[in-house]
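[1] prediction below, plus the sequence it came from.
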Amino acid sequence: MIEIEHLHKRYGDVVAVDDVSFTVAANEIFGIIGVNGAGKTTTVECLTGVRTPDRGRIDVLGFDPATQRDAIRTRVGVQLQASALPDRLSVHEALDLYASFYPDPRDPDELIELLNLSHRRDARYGKLSGGEKQRVSVGLALIGKPRIAVLDELTTGLDPHARRDVWSLIERLKDDGLTVVLVTHFMDEVERLCDRVAVIHAGRVKALDTPTTLARPGHLEDAFVELTTA
Ligand SMILES: Nc1ncnc2c1ncn2[C@@H]1O[C@H](COP(=O)(O)OP(=O)(O)OP(=O)(O)O)[C@@H](O)[C@H]1O
């Protein structure tokens with residue numbers, strides 16, 4: 001589904017991604033973890049075509065994201081940063097608007113229900129709580145019926161109930177065949193959701209395995225700290 005080989009990307013003098021390689025299989029939930037500035041966002045931006053790599057090869061569903069952006073856009077859903085929507089749009093209007101960008105979108109009302117946002121359907125985006133905004137951003141990533149969803153900080157800012165709701169949603173979507181790339185700082189999220197996880201450190205893959213191989217349950221954070229302490 002996704003193959004990344006020797007990805008390298010720099011911003012001026014800053015090497016954001018030095019040498020990253022991994023593959024993501026169909027229907028996998030693939031986690032990416034790493035300390036701030038490790039190169040996670042740059043990596044996923046390259047795989048969604050937002051950034052062009054300086055070196056390396058990326059294949060997403062048989063397409064090159066740097067040159068075949070339209071093909072990627074309709075097949076890969078990307079979770080936007082929460083602030084990217086105009087405040088005056090209602091939840092329903094926002095999802096309707098994004099649905100219009102895709103050839104075969106999900107039904108916005110069905111998605112609103114799935115996101116537990118039915119009671120906020122007509123509320124303006126600007127009036128939503130942080131967690132509600134976050135759920136809308138997950139919805140926008142899924143509205144186009146993508147084969148792959150790239151979720152950067154999926155549950156940041158959500159309360160424990162909302163986190164569990166979003167986790168269940170992602171699990172249900174996986175059951176329906178979705179492939180997920182999940183960038184996160186939450187080790188419990190990795191343990192709950194991810195089939196495999198890459199630890200990125202200083203622009204390189206420091207470890208890549210199933211969460212239970214990297215650490216026994218409940219101890220992923222300790223293993224992570226150990227792996228990312230220079
Ligand atoms: N647009 C940019 N211009 C210049 N430097 C950048 C830019 N974006 C990222 N960087 C730098 O590249 C490096 C990797 O950043 P990146 O955002 O990919 O890391 P990250 O692992 O996603 O971090 P975080 O966990 O903080 O989101 C950092 O040193 C960052 O300061």
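    Happy to help now that I have it.
[2] where are the low-confidence patches of the chain?
    For the chain, the stretches with pLDDT under 70 are 80-83, 230.
[3] against the ligand, how distant is the most centrally placed residue in it?
    Closest residue to the average C-alpha location of the chain: Leu151 at 1.4 Å, with Cα atoms, centre = their mean. Using Cβ to the nearest ligand atom, to the nearest Å, Leu151 is found at 13 Å from the ligand. In this view, the C-beta of every residue, glycine as well, is placed from N, C-alpha and C.
[4] quick one: residues contacting the closest residue to that residue other than its chain neighbours.
    Nearest residue to Leu151, sequence neighbours excluded (Cβ to Cβ, 6 or more residues apart in numbering): Gln79, at 4.6 Å. Applying Cβ atoms under 8 Å, 6 or more residues apart in numbering to Gln79 gives the contacts Ser137, Val138, Leu140, Ala141, Ala149, Val150, Leu151, Asp152, Glu153, Leu154.
[5] state the distance from the first one to Val78.
    Put plainly, it is Ser137. Taking Cβ to Cβ, to the nearest Å as the criterion, Ser137 is separated from Val78 by 10 Å.
[6] I'd like the contacts of Gln79 laid out as JSON lines, including distance to Arg216 and secondary structure.
    Below are the contacts of Gln79 laid out as JSON lines (distance: Cβ to Cβ, whole Å; DSSP: H, G, I helix; E, B strand; the rest coil):
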{"residue": "Ser137", "distance to Arg216": "33", "secondary structure": "helix"}
{"residue": "Val138", "distance to Arg216": "30", "secondary structure": "helix"}
{"residue": "Leu140", "distance to Arg216": "36", "secondary structure": "helix"}
{"residue": "Ala141", "distance to Arg216": "32", "secondary structure": "helix"}
{"residue": "Ala149", "distance to Arg216": "29", "secondary structure": "strand"}
{"residue": "Val150", "distance to Arg216": "29", "secondary structure": "strand"}
{"residue": "Leu151", "distance to Arg216": "26", "secondary structure": "strand"}
{"residue": "Asp152", "distance to Arg216": "28", "secondary structure": "strand"}
{"residue": "Glu153", "distance to Arg216": "26", "secondary structure": "coil"}
{"residue": "Leu154", "distance to Arg216": "24", "secondary structure": "coil"}
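[7] what's the most distant pair in the residues you listed?
    When Cβ to Cβ is used, the two most widely separated members of these are Leu140 and Glu153, lying 14.4 Å apart.
[8] the two - which one has more neighbours?
    Of the pair Leu140 and Glu153, Leu140 is the one with more neighbours under other Cβ atoms under 10 Å, namely 22 against 19.
[9] my read is that the more buried one contacts Leu97, right?
    No. Judged on Cβ atoms under 8 Å, Leu140 makes no contact with Leu97 at a distance of 9.3 Å.
[10] ok, Leu61 - contacts?
    Leu61 neighbours (Cβ under 8 Å, 6+ apart): Met1, Ile2, Ala71, Ile72, Arg75, Val76, Arg147, Ile148.
[11] would you check that Leu117 makes contact with Glu132?
    Yes. Leu117 is within contact range of Glu132, at 6.5 Å (criterion: Cβ under 8 Å).
[12] overlap of the contact sets of these two?
    Applying Cβ under 8 Å, 6+ apart, one finds that Leu117 and Glu132 are jointly contacted by Val91.
[13] looking at those two, which is more packed in?
    Glu132 (22 against 19).
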